[in-house]
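[1] mind folding the following:
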Amino acid sequence: MIKTLRNAPGVLVLAAGLAVSSAARASTEQEKQLAIDKGLAHLAGTQTVSGTEGYWPYSNDGTLAATASAALAFIEEGYLPGTDVVIDTGSGPVNYGDVVGFAVNYIFNRAIVDSRFGIETDGYWRYAEDYNNDGVAGNDGGNNRAIYFSPGNMSRNVYTTGLCAPVVYALGEALGKDTVIDRGSVVIVGMTYAEALQDVVDWFSWGQVDPQYGNYRGGWRYDADYATSDNSTAQWGALPYLYAADWGLSAPQYVADELDLWINYVQTPSGGSGYDSPTSYVNVSKTGGLLLELAVVGADLTDPRVLAALSFIDSRWNNGPSSTWYGNINHPYAMWAVYKALDVYGFLGLYGVGPGEDFKVGNGMPSAPGGFVIGQDWWDPAVTSLAGDWYSHYCDFLVNNQNADGSWAGYSYWTGALADGWYINILNAAGAPEPINEPPVALVQDVEVCADPGLCSDEVDAAQVDAGSFDPDGDPIVIEVAPPGPYPLGDTVVTLTVTDDKGESASAEAVVTVLDCEAPTGFCAPGTNPDGQPVPQTGGNPKAGQNPDGFYQLFGTDNCEEAGPVVLYVLDSGSSFVAGPFPVGQKVKITQSPGGEPTTKPMPGDIIHIRLNGDALLVAVDAAGNQSDPCACLVPPPPK
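    Numbering: from 1, shown residues only. The predicted model follows:
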């Protein structure tokens with residue numbers, strides 16, 4: 001690990017991919033994602049491909065820097081070289097895996113081993129691979145080489161290598177830092193991402209401005225081992241050390257010690273950072289870079305230099321770009337520098353959760369150091385300007401000022417793919433947002449069932465009512481029906497509710513119809529004579545029938561008598577005659593009269609006399625129309 005760098009409590013040494021709270025912001029996560037998608041589509045459509053390389057042309061030897069910025073935007077969004085991810089950009093399908101792969105080929109093909117690398121002895125001794133600070137070269141596991149990424153102009157080496165280092169780190173984060181690199185020049189192919197980043201860090205350690213250069217010592221400038229420093233460039237020299245710390249890589253102690261001297265020289269009493277002196281070009285972009293450098297030396301939020309730098313930015317927060325170097329909002333270089341600082345210090349994940357709570361440094365949280373507010377309190381209904389903290393303000397601006405083609409206007413030197421890539425990465429600081437949760441879709445069908453045997457109701461579960469309800473997001477769902485069963489005979493309107501695992505629900509109504517499908521039972525019991533005397537038994541004469549006088553009382557039972565009474569009919573086995581309907585309990589006298597006309601007529605005692613050609617067959621019919629099997633009510637045949 002970079003144990004030699006002063007890692008103070010409260011300083012996060014991650015500069016990519018930090019998670020952000022889901023607290024409310026003026027620009028929604030989905031609006032930011034749409035801006036990201038549009039920006040990537042624009043970059044994909046404007047890439048120049050030559051053989052296996054892809055790049056974004058840029059003036060002033062900035063093509064490598066612009067390509068690194070654009071590539072990082074794709075990688076941080078999850079698109080990796082060699083993957084097959086075809087996106088419809090609106091101008092046709094584009095394989096983003098190819099876009100990133102071509103860009104990484106272009107970047108890694110420009111990795112160069114610096115032949116100048118070695119031990120420095122200009123009146124002092126120091127060696128970039130003296131990781132244990134024992135003053136002995138070659139005993140710390142180094143490989144005696146350093147890598148930089150060349151744009152073709154030596155005066156751009158520090159800028160572009162500082163921009164390419166995040167690409168190495170982001171790919172290592174996505175693929176694994178110990179994954180072997182399989183593309184680019186022979187310089188880098190075959191190394192792991194961690195090994196490549198270590199050689200980049202070694203290059204910056206060796207290239208730091210040397211002690212003999214007075215106030216410039218400890219910084220970086222256009223190329224390695226320069227004689228002067230400036231704080232536009234120095235931030236790019238500092239950034240790789242934060243990545244290296246996250247991966248447990250190494251650097252000698254002198255890097256932090258010397259950088260501390262440069263910080264103390266270039267920072268003004270107002271907290272801002274100058275360019276190559278504390279009085280030249282003091283602006284927000286240099287001060288954002290200064291915060292990165294302060295993180296490298298281990299300065300936490302209690303360090304007066306950090307608080308002064310934040311105060312300087314706060315006092316100029318709403319300034320637009322002017323005179324090339326000045327301003328914040330709409331100044332790509334300033335916004336990128338400040339964003340990286342907010343990321344490193346962990347500010348991106350800190351949001352208020354109630355009235356009066358805002359960004360970590362400010363009056364909104366009394367326990368925080370400072371005494372000024374970073375951004376506005378988005379809970380305050382009196383706020384009329386863009387609400388939210390600094391990061392939210394950046395996102396609001398980028399969402400609201402994106403061109404129709406997905407690009408941004410940029411400013412001065414910082415336009416095109418260079419600015420677009422930076423802006424996309426600012427928007428993507430939260431990572432991919434949670435997708436909008438689509439509620440489930442409730443689909444129902446009417447259900448018709450028979451009552452349970454012996455009952456006048458039935459149970460119906462939600463699965464029977466469901467007709468294929470689903471969740472568009474593929475989330476698991478729970479289905480319930482109300483009111484719950486059992487359901488009585490007839491129609492009952494029920495509501496099927498479908499709920500996903502995020503609490504979204506949808507409902508639809510259906511009709512449950514319970515039918516009485518069970519036939520009643522009919523039977524006849526021997527009755528009495530009209531005078532009330534018991535009916536004589538048949539004795540030993542089987543031809544006399546079960547009831548020689550033919551007096552019966554008719555009965556019927558049903559599982560669902562509450563639905564309506566059972567009615568009884570007497571059929572004639574010798575004709576089509578039907579007597580009835582009769583209520584349960586009706587008394588009858590049945591007489592066989594073969595060849596006669598079947599009739600019914602009342603008798604005294606509320607008895608119905610039924611004359612039939614054949615046997616009497618009792619049938620019970622319930623309110624649903626179900627008919628019992630015939631039950632014979634036999635009488636003796638007539639005398640011959």
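[2] pLDDT below threshold where in the stretch 501-640 of the chain?
    Along the stretch 501-640 of the chain, the model assigns pLDDT under 70 to residues 530-548, 637-640.
[3] what about the strands in it?
    For the stretch 501-640 of the chain, the strands defined by DSSP state E, counting those that start in this stretch cover 505-515, 521-526, 551-557, 567-572, 578-583, 587-592, 599-603, 607-612, 616-621, 631-633.
[4] okay, those strands in JSON lines with distance to residue 64 and mean neighbour count next?
    Every residue, glycine included, has its C-beta placed from N, CA and C. Formatted as JSON lines, those follow (distance: least, C-beta to C-beta, whole Å; neighbours: other C-beta atoms under 10 Å):
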{"stretch": "strand 505-515", "distance to residue 64": "52", "mean neighbour count": "17"}
{"stretch": "strand 521-526", "distance to residue 64": "95", "mean neighbour count": "19"}
{"stretch": "strand 551-557", "distance to residue 64": "95", "mean neighbour count": "22"}
{"stretch": "strand 567-572", "distance to residue 64": "97", "mean neighbour count": "22"}
{"stretch": "strand 578-583", "distance to residue 64": "100", "mean neighbour count": "17"}
{"stretch": "strand 587-592", "distance to residue 64": "110", "mean neighbour count": "21"}
{"stretch": "strand 599-603", "distance to residue 64": "111", "mean neighbour count": "12"}
{"stretch": "strand 607-612", "distance to residue 64": "111", "mean neighbour count": "20"}
{"stretch": "strand 616-621", "distance to residue 64": "94", "mean neighbour count": "23"}
{"stretch": "strand 631-633", "distance to residue 64": "101", "mean neighbour count": "18"}
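[5] in TSV: these, plus distance to residue 488.
    Formatted as TSV, the strands of the stretch 501-640 of the chain follow (distance: least, C-beta to C-beta, whole Å):
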stretch	distance to residue 488
strand 505-515	6
strand 521-526	22
strand 551-557	19
strand 567-572	21
strand 578-583	24
strand 587-592	34
strand 599-603	36
strand 607-612	34
strand 616-621	21
strand 631-633	29
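[6] give me the beta-bridge partners of the residue lying closest to residue 597 once chain neighbours are set aside?
    Leaving aside its chain neighbours, residue 597 sits nearest to residue 611 (7.7 Å; criterion: C-beta to C-beta, 6 or more residues apart in numbering). For residue 611, the beta-bridge partners are residue 591, residue 599 (DSSP bridges).
[7] quick one, helices of the stretch 401-550 of the chain?
    416-427, 462-465 (DSSP state H, counting those that start in this stretch).
[8] so which of the ones you listed gets nearest residue 91?
    With distances scored as C-beta to C-beta, the stretch of the helices of the stretch 401-550 of the chain nearest to residue 91 is helix 416-427 (16.2 Å).
[9] need the helices of the stretch 401-550 of the chain in CSV (columns: distance to residue 572, mean neighbour count and mean pLDDT).
    Compiled in CSV, those are given as follows (distance: least, C-beta to C-beta, whole Å; neighbours: other C-beta atoms under 10 Å; pLDDT from 0 to 100):
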stretch, distance to residue 572, mean neighbour count, mean pLDDT
helix 416-427, 91, 26, 95
helix 462-465, 44, 17, 95
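[10] tabulate the ones you listed in TSV, adding columns for distance to residue 516.
    TSV is the format used below for the helices of the stretch 401-550 of the chain (distance: least, C-beta to C-beta, whole Å):
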stretch	distance to residue 516
helix 416-427	66
helix 462-465	19
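[11] any idea how far residue 231 is from residue 305?
    Going from residue 231 to residue 305 by C-beta to C-beta, to the nearest Å gives 13 Å.
[12] picking that back up, list the residues that contact the residue nearest to residue 597.
    591, 592, 593, 596, 597, 598, 599, 600 (C-beta atoms under 8 Å, 6 or more residues apart in numbering).
[13] report the contact partners of residue 510.
    Neighbours of residue 510 in contact, by C-beta under 8 Å, 6+ apart: 444, 445, 446, 447, 465, 493, 494, 496.
[14] actually residue 327, sorry about that
    Applying C-beta under 8 Å, 6+ apart, the residues contacting residue 327 are 283, 284, 316, 319, 320, 321, 334, 411.
[15] okay, residue 407: pLDDT?
    Per-residue pLDDT puts residue 407 at 97.
[16] I figured it hits residue 42, correct?
    Yes: using C-beta atoms under 8 Å, residue 407 makes contact with residue 42 at a distance of 5.0 Å.
[17] tell me which helix or strand residue 289 sits in.
    Element membership for residue 289, per DSSP states H and E: helix 284-296.
[18] other SSEs contacting the helix or strand following that helix?
    Per DSSP H and E, the first helix or strand lying C-terminal to helix 284-296 is helix 304-315. On a contact count with 3 or more C-beta pairs under 8 Å, 6 or more residues apart in numbering; DSSP states H and E, helix 304-315 meets helix 284-296.
[19] tell me how far the lowest-mean-pLDDT helix or strand in the chain lies from the chain's centre.
    Ranked by mean pLDDT, DSSP states H and E, the helix or strand of the chain with the weakest confidence is helix 390-400, at a mean of 82. Relative to its parent chain, helix 390-400 has a centroid offset of 21 Å by C-alpha atoms, centre = their mean, to the nearest Å.
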